[in-house]
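S.K.: Sequence and predicted structure are below.
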Amino acid sequence: MPKSFIQTFLNNYMSASLIATIALLLGVSIGSQSIPFSSIWETVLHQLFHTPTNVPATVSQIIVAIRLPRVILAFLIGASLALAGVAFQGLLKNVLADPYTIGVSSGAAVGAVLVFFFQLQFSLLGRFTLPIVSIIFALVTLLFVLLFARLAERNMAMETIVLIGIIINAFFGSLISLMVAFSGEELRQVISWLMGSVAMRGWSYVSLFVPFFIIGSLGLFAHIRELNAFSLGERVAANIGVHLLQKKLAILLSASLLTGGAVAVSGTIGFVGLVIPHMTRLICGANHRKLLPLSFLYGGTFLVLADVVARTIVSPRELPIGVITSLIGAPLFAILLFKSLRRKTGST
């Protein structure tokens, strides 16, 4: 099949939507008990429109209570991390940036573990205490990384930001280990959660995450023009009338909402924000009018399929989904970093 045909197919919104739909169906279908696509459609139609169904009650319960919320949450988290990766890469003008590599995910994870460790529950926030604390820590971590990079090197080279991100990841990892050392068995179980998983996440987790997903996504889609401008440089952005500080903060806040909310409900899932925007950029180019929506669809698709692999590759045991994404993302990150350093060395 010609390469140009494949690229054109993947570059099409309808094709990406079709691939995402198939991935969602596979996510619901594959498991310890295989479920036919027809039973999935029949059950969904029954739940939405109360149509007649011949699906056994036990199968319907597996679909509605276990598989469906799991794959929907996986899709939303994958889409969120991919969108956040696009935002960070566009704003920082480098394809090496993503929530995981620059330490934002680790910051959100520390916020989440602090909530578990101290059993925090603010009456004003209620059940939103966990995601909001994670989001605050994600945003503060991002601002700290950028400020530190600015102080260390005025032009804020991406390699400097990545190195600071590595330091932040190591420091926050130590903090989490310290809290675990002083905790009981309940917090030790959180470590496996922090490795990234959507297992045993019901509709309550979906409803908890959806508000942050909607606000963060709309915030980024509303700034497509500004992301295109920032990717060309701040001077170009200022020349076409972009309010630099205001728009930067809006984009950073939206990306932090997506990252912090995702970490709060699924733990730390690395490299989705690196792999998906990079691959999508190869398909459709750097224009955010295509890059954002296609990254949204392919990010969700990627994490749903990664979750299928995580729960079937060593069945009946289940791997953390973060292990699968890291096995794919870490080598790609190394290749991208190597190419970036070679390019920088070659230009000097």
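M.R.: Okay, I see it.

S.K.: surely Gly103 meets Val145?
M.R.: Yes - using CB atoms under 8 Å, Gly103 makes contact with Val145 at a distance of 5.6 Å. Every residue, glycine included, has its C-beta placed from N, CA and C.

S.K.: Common neighbours of those two, please.
M.R.: Residues touching both Gly103 and Val145 (CB atoms under 8 Å, 6 or more residues apart in numbering): 164-165, 168.

S.K.: List just the nearest of the residues you listed to Thr141.
M.R.: For these, the residue nearest Thr141 by CB to CB is Ile168; the value is 6.4 Å.

S.K.: where does the closest one fall, phi/psi-wise?
M.R.: Per-residue torsions, Ile168: phi -60, psi -40 (degrees, to the nearest 10).

S.K.: Return the distance of it relative to Phe75.
M.R.: Distance from Ile168 to Phe75, counting by CB to CB, to the nearest Å: 28 Å.

S.K.: Helix or strand: which one has the closest residue in space to Ser17 that isn't next to it in sequence?
M.R.: Among residues not flanking Ser17 along the chain, Leu297 sits closest, at 6.3 Å (CB to CB, 6 or more residues apart in numbering). Using DSSP states H and E, Leu297 sits within helix 288-312.

S.K.: Show me what that helix is packed against.
M.R.: helix 13-29, helix 68-92, helix 203-221, helix 224-230, helix 272-284, helix 321-346 (3 or more CB pairs under 8 Å, 6 or more residues apart in numbering; DSSP states H and E).

S.K.: mind listing what Ala84 touches?
M.R.: Residues near Ala84 by CB under 8 Å, 6+ apart: 98-99, 104, 216, 255-256, 258-259, 262, 273.

S.K.: Identify the residues contacting the residue nearest to Ser17.
M.R.: Residues near Leu297 by CB under 8 Å, 6+ apart: 13, 16-17, 19-20, 79.

S.K.: Filter these down to the buried ones and hand me the PyMOL line.
M.R.: Here is the PyMOL command that selects the buried residues among the contacts of Leu297 (16 or more other CB atoms under 10 Å):
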select buried, resi 16+19+20+79
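
S.K.: with the contacts of Leu297 in mind, which one is nearest to Val110?
M.R.: For these, the nearest to Val110 is Ala79 (23.9 Å; CB to CB).

S.K.: Quick check: the gap between that closest one and Leu274.
M.R.: 15 Å.

S.K.: What of His288?
M.R.: According to CB to CB, His288 stands 17 Å off from Leu274.

S.K.: and these two? which has more neighbours close in?
M.R.: A count of neighbours by other CB atoms under 10 Å puts Leu274 above the other of His288 and Leu274, at 28 against 24.

S.K.: phi, psi of the closest residue to that one other than its chain neighbours?
M.R.: Excluding the flanking residues, the one nearest Leu274 by CB to CB, 6+ apart is Asp98, at 3.9 Å. Note on Asp98: its backbone torsions stand at phi -160, psi 160 [degrees, to the nearest 10].

S.K.: just Phe122 next, same as before
M.R.: Dihedral angles of Phe122 (phi, psi; degrees, to the nearest 10) stand at phi -80, psi 130.

S.K.: what number of residues lie near the closest residue to it other than its chain neighbours?
M.R.: Closest residue to Phe122 apart from its sequence neighbours, by CB to CB, 6+ apart: Thr129 at 5.1 Å. Look at Thr129: counted by other CB under 10 Å, it has 16 neighbours.

S.K.: from what I can see Thr129 touches Gln121, true?
M.R.: Yes - using CB under 8 Å, Thr129 is in contact with Gln121, at 5.5 Å.

S.K.: Helix, strand, or coil at Thr141?
M.R.: Three-state call for Thr141 (DSSP: H, G, I helix; E, B strand; the rest coil): helix.

S.K.: In three-state terms, label Val265 for me.
M.R.: Assigned by three-state DSSP, the conformation of Val265 is helix.

S.K.: An error on my part: the question was meant for Gly31.
M.R.: Looking at Gly31 with three-state DSSP, the answer is coil.

S.K.: The one 4 residues further on too?
M.R.: Here Ile35 is coil, with the state taken from three-state DSSP.

S.K.: Give the burial count for the nearest residue to it once chain neighbours are set aside, as a bare number.
M.R.: Spatially, and ignoring its direct neighbours in sequence, Ile35 is nearest to Ser29 (5.0 Å; CB to CB, 6+ apart). Residues contacting Ser29 under the criterion other CB under 10 Å number 18.

S.K.: what do you get for His278?
M.R.: His278: 21 surrounding residues under other CB under 10 Å.

S.K.: what does Thr160 give?
M.R.: Neighbour count of Thr160, defined by other CB under 10 Å: 16.

S.K.: helices or strands next to the host helix or strand of it in the packing?
M.R.: With secondary structure defined by DSSP H and E, Thr160 is part of helix 158-181. Judged by 3+ CB pairs under 8 Å, 6+ apart, helix 158-181 is in contact with helix 104-117, helix 129-152, helix 185-194, helix 321-346.

S.K.: Now do the buried residues in it.
M.R.: For helix 158-181, the neighbour count (16+ other CB under 10 Å) marks 158, 160-162, 164-165, 168-169, 172, 176, 179-180 as buried.

S.K.: Turn those into CSV, columns for distance to Lys339.
M.R.: Below are the buried residues of helix 158-181 laid out as CSV (distance: CB to CB, whole Å):
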residue, distance to Lys339
Met158, 12
Thr160, 17
Ile161, 17
Val162, 13
Ile164, 20
Gly165, 18
Ile168, 24
Asn169, 22
Phe172, 28
Ile176, 32
Met179, 37
Val180, 37
